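Asker: sequence and predicted structure, then a few things I'm wondering about:
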Amino acid sequence: MKQCYSIVRTLLVTPASALLLTAAVACGSTPGTSDAPEETASAAAQVQDSRRVTPGLEVLLRDSAHLVRGLRVGFLTNQSAVTSDGRSGIDLLHESPEVDLVALYGPEHGLRGGIEGGVEIDSEHDPATGLPVFSLYGQVQRPSPEMLEGVDVLLFDMQDIGARPYTFVWTMAMAIEAAAAEGIPFIVLDRPNPITGRSEGPVMEMEMRNVAQAITGYYPVPLRHGLTVGEVARYINSEYDIGADLTVVPADGWVAAQWFDETGLPWIDPSPNIRSLEAALNYAGLVLFEATNLTVGRGTDAPFSYVGAPWLHTDRLLEQLGAYDFEGVSLSPVELTPSGDGYVPFRGEQVHAIQLSINDRDAYRPVETALILLTEIRRLHPAEFEITNSGFTQMIGSLSDREAFESGEDPQTIIGRWNEELEEWSRLVEPYRLYPEG
């Protein structure tokens, strides 16, 4: 019954434009139109414009304000929650006569962004609005009953990047649980998955939430999960019996095959080291290296574009990698000297690294590429390579896959198992998807 209730609530605010767009693409050219170059170009421009995306934040205020009208609103958000013309969601809701905004809740990296990963954040007041900001990345990681006092409805709006270890979706999940416990409705203002609706890599076993920080893997999804935050919310609320009064306001006009730079939305760095769409895509695989004694390029011009260490023999590694067919990405040797503040592995040291340059993002498989790189680096440097924390086990999804990696099992065999898991998981989550494939 909860599943049907969630679907009906969502359909009430599902925009029609995505359905219209699907029909237009399926039908091809409109009868009676000319194929003249000028008219063809004009039609193409109209189709491109029709694919521009309106985030759930704007959809809420445009035609779903009844969901919050007359209620005291708490807002779990950060700097990435902006309108299609770049206005801050915090400021927009604070100024809206339709919204009585009474409290703010901030995730990792802070309410207004810019704080390095892993740094605990204190609660404070937001200078721009004067509202209390309750930190969910400090002493606690979920709203306490005291934090939710005086709140009638809790909104969530953040730009996720589509990878399981990225903490925003799990901050949302913990807040959904807290809202359910207090009987407070929860509304997700949805945004596109910037790296599309494609899934890849291992589906985490539920037991793995306890081997590292739960906030980096709280419910079973693949490493590259292929869902929007709204779809994650629908999936976990129903499949794991959270029982929240959940509503998802979808992003108007998005289709799951769209990359972020095809949406017309402004890119706002969701965290200090995810500075581009390419970094977000690489992160889905290279994040595995964050639990080893190699660097992914923090403290360089392009974090999450490199893999390296002072002891890495890049030429020999590239020779070994020649046995594989890497699609959509080229690998080349570079020299780096990381610098800067915060967490910067090998700061001031010369690092021998492999640069990953994406040349066909639709063909590129970041998780598979990362597993192969890890396997061959371990084979080349058995004495130097180390797994440095339990996050590796959580990210690779299971104790058995970690053991398979450490025993030297062929990465293609491991990837084959992952693909079987993905097929089953994809069938499970299909009822919770909100967007056409494209």
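Answerer: Cool, got the structure.

Asker: now do the strands in the protein.
Answerer: 72-77, 100-106, 124-125, 132-135, 153-157, 186-189, 200-203, 222-224, 246-249, 306-309, 329-336, 351-358 (DSSP state E).

Asker: which one of those lies closest to I387?
Answerer: Proximity to I387 (Cβ to Cβ) singles out strand 306-309 among these, at 13.5 Å. Any C-beta I mention is one placed from the backbone N, CA and C, and that applies to glycine too.

Asker: domain parsing for the protein?
Answerer: When the chain is parsed into structural domains using automatic domain parsing, the resulting residue ranges are 2-271+427-432, 277-417.

Asker: would you list those in CSV and tack on distance to G438 and mean neighbour count?
Answerer: Compiled in CSV, those are given as follows (distance: least, Cβ to Cβ, whole Å; neighbours: other Cβ atoms under 10 Å):
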stretch, distance to G438, mean neighbour count
domain 2-271+427-432, 3, 19
domain 277-417, 11, 18
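
Asker: report the contact partners of the residue lying closest to Y166 once chain neighbours are set aside.
Answerer: Of all residues not flanking Y166 in the chain, D160 sits nearest, at 6.3 Å (Cβ to Cβ, 6 or more residues apart in numbering). Contacts were defined as Cβ atoms under 8 Å, 6 or more residues apart in numbering; by that measure D160 touches Y166, F168, V169, R191, N193, P194, T228, V229, P270.

Asker: ok, back up a step: redo the strands of the chain as a markdown table? Include distance to I396 and mean pLDDT.
Answerer: Conversion of the strands of the chain to a markdown table gives the following (distance: least, Cβ to Cβ, whole Å; pLDDT from 0 to 100):
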| stretch | distance to I396 | mean pLDDT |
| --- | --- | --- |
| strand 72-77 | 29 | 97 |
| strand 100-106 | 30 | 95 |
| strand 124-125 | 37 | 82 |
| strand 132-135 | 30 | 92 |
| strand 153-157 | 28 | 98 |
| strand 186-189 | 28 | 98 |
| strand 200-203 | 6 | 98 |
| strand 222-224 | 8 | 98 |
| strand 246-249 | 30 | 98 |
| strand 306-309 | 16 | 98 |
| strand 329-336 | 20 | 98 |
| strand 351-358 | 19 | 98 |
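
Asker: L399: which of the ones you listed is closest?
Answerer: Closest to L399 of the strands of the chain, according to Cβ to Cβ: strand 200-203, at 11.7 Å.

Asker: now for that closest one, which elements pack on it?
Answerer: Judged by 3 or more Cβ pairs under 8 Å, 6 or more residues apart in numbering; DSSP states H and E, the packing partners of strand 200-203 are strand 222-224, helix 277-286, helix 366-380, helix 411-429.

Asker: quick one: closest of these to G70.
Answerer: Checked against Cβ to Cβ, the stretch from those lying closest is helix 411-429, at 34.3 Å.

Asker: the closest one to helix 366-380, inter-axis angle?
Answerer: Computed by axes from the mean of the first three to the mean of the last three Cα atoms, to 10 degrees, the angle separating helix 411-429 from helix 366-380 equals 150 degrees.

Asker: quick one: contacts of helix 411-429?
Answerer: Where contact means Cβ under 8 Å, 6+ apart, the residues beyond helix 411-429 that reach it are 199-203, 220-222, 227, 231, 235, 239, 367-368, 371-372, 375, 397, 401, 404-405.

Asker: let's go with 6 Å and repeat that
Answerer: Residues outside helix 411-429 that contact it (Cβ atoms under 6 Å, 6 or more residues apart in numbering) are S199, G201, P202, V203, Y235, E368, L371, I372, T375, A404.

Asker: ok, so of the contacts of D160, who is nearest N389?
Answerer: Sorting those by distance to N389 puts Y166 at the head of the list, at 16.8 Å, by Cβ to Cβ.

Asker: you'd agree W311 is up against P382?
Answerer: No. Look at W311 against P382 with Cβ atoms under 6 Å: they stay out of range, at 11.8 Å.

Asker: circling back to that earlier point, can you redo the contacts of helix 411-429 as CSV with distance to D410?
Answerer: Shown next, in CSV, are those (distance: Cβ to Cβ, whole Å):
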residue, distance to D410
S199, 22
G201, 16
P202, 16
V203, 20
Y235, 32
E368, 12
L371, 10
I372, 10
T375, 8
A404, 9
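
Asker: between which two of those is the distance greatest?
Answerer: Greatest spatial distance among those (Cβ to Cβ): Y235 and T375, at 30.9 Å.

Asker: please report how far the residue lying closest to E58 once chain neighbours are set aside lies from G56.
Answerer: For E58, ignoring the flanking residues on the chain, the nearest one in space by Cβ to Cβ, 6+ apart is T83 at 5.4 Å. From T83 across to G56, the span is 11 Å (Cβ to Cβ, to the nearest Å).

Asker: one more: I372?
Answerer: Using Cβ to Cβ, I372 is found at 37 Å from G56.

Asker: try Y137
Answerer: For Y137, the distance to G56 - Cβ to Cβ - is 23 Å.

Asker: which stretches of the protein have low pLDDT?
Answerer: Low-confidence regions of the chain, defined here as pLDDT under 70, cover residues 1-51, 113-114, 116-119, 121-123.

Asker: and the helices in it?
Answerer: Listed in chain order, the helices of the chain (DSSP state H) span residues 2-11, 17-27, 37-50, 56-63, 89-95, 168-182, 229-239, 277-286, 314-321, 366-380, 391-396, 399-406, 411-429.

Asker: how far out from the middle of the chain is the fourth one?
Answerer: In other words, helix 56-63. 21 Å (Cα atoms, centre = their mean, to the nearest Å).

Asker: what's the angle between it and strand 72-77?
Answerer: Using the same axes, to 10 degrees, helix 56-63 lies at 150 degrees relative to strand 72-77.

Asker: just checking, what packs against helix 56-63?
Answerer: Based on contacts counted as 3 or more Cβ pairs under 6 Å, 6 or more residues apart in numbering; DSSP states H and E, the elements that helix 56-63 packs against are strand 186-189, strand 246-249.

Asker: output the last one in CSV, but only the C-alpha positions, please.
Answerer: Included here for strand 246-249 are C-alpha records, laid out as CSV according to Å, rounded to 0.1, in the frame of the first residue of the first chain:
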residue,chain,number,x,y,z
LEU,A,246,7.1,11.2,0.8
THR,A,247,6.5,13.4,-2.2
VAL,A,248,8.9,13.8,-5.2
VAL,A,249,8.6,16.9,-7.3
